[in-house]
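>>> Got a predicted structure here, sequence first:
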Amino acid sequence: MPPEAAACRKPNRKARTERYSHVIENSSRQPAPAGRIGSGRICASEYDSRMRGRPERSEAAPYYFTYINKVQTDEIVPELESQLEPSIAFFRGISEEHSLHRYAPDKWSFRQVLNHINDAERVFLSRAHWFARAFQTALPSFDQEPAVNAAKPDAISWAAHIEEFRAVRRATIAFYQNLPADAWMRGGIASDNPFTVRALAYIIAGHLSHHIAILKQRYM
């Protein structure tokens, strides 16, 4: 597996149900009442602040803070929006020919990396959608290597990958823009790890930043 992709591997599969019981509680089919987050009741103003604020350590497994900590804002929807055009501009600065470049024979090409970015954003968003709609069934893991191999990204034009990225991110933005206030702190289990809907928004933004930094450092 490419070392730049290692940070995207799923963590050790350990049950954390007891430790993150408040996350599971929020994933019940009954929508969480306004003013309730996790297992404690708080006033509406505090709820609003936490909805917009940064995820707490209990909202995702420690591994995922690799991505969350790359986002330096308390307002995640504007961050998701602000990433779109600069990312597209960066991708468009790479030619079709160079998009097949890999810095070593066993590393992903530009096209494979962007395919992975798009796939991972879809997976994170699907988890957020599942939990936000108050479903409590745990979700499976996502293995990036079979996904990339099945997608055959090098056979797809670089321009098509870029337009796919735009479409995927616009879907993410629309979802979070229209998210009911009481859904941000709902959560559940995916890949044997806890997530809240809020944490997944930060993971999406941080995952993109992570991979663009690697492309700039190792591929250009």
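Received it, and whenever you're ready, just let me know what you need.
>>> Quick one: the strands in this protein, in order.
36-37, 40-41, 187-190, 193-196 (DSSP state E).
>>> pLDDT weak spots in this structure?
Per-residue confidence for the chain (pLDDT under 70) gives these ranges: 1-52.
>>> Go again with 90.
The chain contains residues with pLDDT under 90 at 1-52, 220.
>>> Could I get the contacting residues of the residue lying closest to Leu139 once chain neighbours are set aside?
Distances taken as C-beta to C-beta, 6 or more residues apart in numbering place Ala190 nearest to Leu139, at 3.9 Å, with adjacent residues excluded. No exception for glycine: its C-beta is placed from N, CA and C like everyone else's. Contact analysis of Ala190 by C-beta atoms under 8 Å, 6 or more residues apart in numbering lists Arg127, Trp130, Ala138, Leu139, Pro140, Ser141.
>>> how about these in CSV, adding neighbour count?
Output for the contacts of Ala190, formatted as CSV (neighbours: other C-beta atoms under 10 Å):
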residue, neighbour count
Arg127, 22
Trp130, 21
Ala138, 15
Leu139, 18
Pro140, 10
Ser141, 13
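>>> okay, now Glu75: neighbour count?
Neighbour count of Glu75, defined by other C-beta atoms under 10 Å: 13.
>>> Then Leu80?
Residues near Leu80, counting by other C-beta under 10 Å, number 23.
>>> Narrow the contacts of Ala190 to those in helices?
Arg127, Trp130 (DSSP state H).
>>> And the contacts of Ala190, which two are furthest apart?
Trp130 and Ser141 (14.1 Å; C-beta to C-beta).
>>> And the contacts of stretch 74-86?
With contact meaning C-beta under 8 Å, 6+ apart, stretch 74-86 is reached by 52-54, 71, 73, 166, 169-170, 172-173, 176-177, 198, 201-202, 204-205, 208-209.
>>> Buried only: go through the residues you listed for me.
Buried residues within these, counting neighbours by 16 or more other C-beta atoms under 10 Å: 54, 71, 169, 172-173, 176, 198, 201-202, 204-205, 208-209.
>>> any chance of those in JSON lines, with distance to Asp182 too?
Listed next are the buried ones among the contacts of stretch 74-86 as JSON lines, based on distance: C-beta to C-beta, whole Å:
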{"residue": "Arg54", "distance to Asp182": "19"}
{"residue": "Val71", "distance to Asp182": "23"}
{"residue": "Arg169", "distance to Asp182": "25"}
{"residue": "Thr172", "distance to Asp182": "20"}
{"residue": "Ile173", "distance to Asp182": "20"}
{"residue": "Tyr176", "distance to Asp182": "14"}
{"residue": "Arg198", "distance to Asp182": "12"}
{"residue": "Ala201", "distance to Asp182": "15"}
{"residue": "Tyr202", "distance to Asp182": "19"}
{"residue": "Ile204", "distance to Asp182": "20"}
{"residue": "Ala205", "distance to Asp182": "22"}
{"residue": "Leu208", "distance to Asp182": "27"}
{"residue": "Ser209", "distance to Asp182": "28"}
